[in-house]
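Novice: no sequence on this one, just coordinates:
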């Protein structure tokens, strides 16, 4: 056995004993300190920015930098899941309250008050959304606008892109021609976009609707519902939302759309300007087909 061959055998034995090749050198202390400071801040954008520049200036340590980021995200996700599992039924809700003025056109041309609230709770697989809104106007002792809406929508995540939804909605608008309207629906939704600053969800399914008309008999029918929810954070202080919904029926179809721009004022207080449109293809006799509402409100987040 030659000396060279014996040397190769010795090297192989050493590698087998240690179980791996020699480890890569650790991150430079300056890079590690920057990464640890960014992670400690908890600011995702800061972590992403520091990690990107660290990879650009130290490409040989890209895997080590990525490992630090992934370890932080994994620990953060475990902490989030544990917090959700331990939370009670009344915990971890977030939402807002809004109040201000409105201007309506269509069946009523009035300026009045508008108020509403929304609640959202995100679970591991479930999301629950409550929403309520009222527009009211009284002139010379007569009510000229009185519209109510309340809805509850649970979502169940099937995978990263698809979810199942349910919907229960109550409406009251005597000036549109009905005293009460109840809509329930269930189906499938698709998350076409899912980014921190931009999202788009589409959903659709069968819907059952009962309408108590003022001048005609009660109407109950099976319909088809389709909806789209769009969100765009224009900047840290401004966001835009657009919610569109169509309910097709054999007797009457309803198309609605609400666009809202919200700007941060200070802390948890924001200002919101929204424009809503609703179109009924076959309303009560004498009623306008299209109503619009422009709202200017102050919003308090909690």
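Specialist: Perfect, thanks for sending it. It should be emphasised that the depicted structure is a prediction, and the values quoted were computed from it without experimental measurement.
Novice: tell me the contacts of the closest residue in space to residue 198 that isn't next to it in sequence?
Specialist: Excluding the flanking residues, the one nearest residue 198 by Cβ to Cβ, 6 or more residues apart in numbering is residue 232, at 5.5 Å. All C-beta atoms are positioned from the backbone trio N, CA, C, and that covers glycine. Counting by Cβ atoms under 8 Å, 6 or more residues apart in numbering, residue 232 makes contact with 197, 198, 239, 240, 241.
Novice: partner residues bridging residue 232?
Specialist: Residue 232 has these beta-bridge partners by DSSP bridges: residue 198, residue 240.
Novice: if we can go back for a sec, now the buried members of the contacts of residue 232.
Specialist: 239, 241 (16 or more other Cβ atoms under 10 Å).
Novice: lowest-confidence entry in the contacts of residue 232?
Specialist: By predicted confidence, these are weakest at residue 197, whose pLDDT stands at 93.
Novice: name the nearest residue to it, ignoring sequence neighbours.
Specialist: Nearest to residue 197 is residue 233, by Cβ to Cβ, 6+ apart, at 4.1 Å.
Novice: mind pulling up the pLDDT for the one you found?
Specialist: 96.
Novice: what about it, neighbour count?
Specialist: Using other Cβ atoms under 10 Å, residue 233 is surrounded by 16 other residues.
Novice: next one: residue 167
Specialist: For residue 167, which is what you asked about, the neighbour count (other Cβ under 10 Å) is 21.
Novice: the one 3 residues further on now?
Specialist: The local packing of residue 170 (other Cβ under 10 Å) involves 14 other residues.
Novice: that one reaches residue 147, doesn't it?
Specialist: No: using Cβ atoms under 8 Å as the test, residue 170 is too far from residue 147 to be in contact (11.8 Å).
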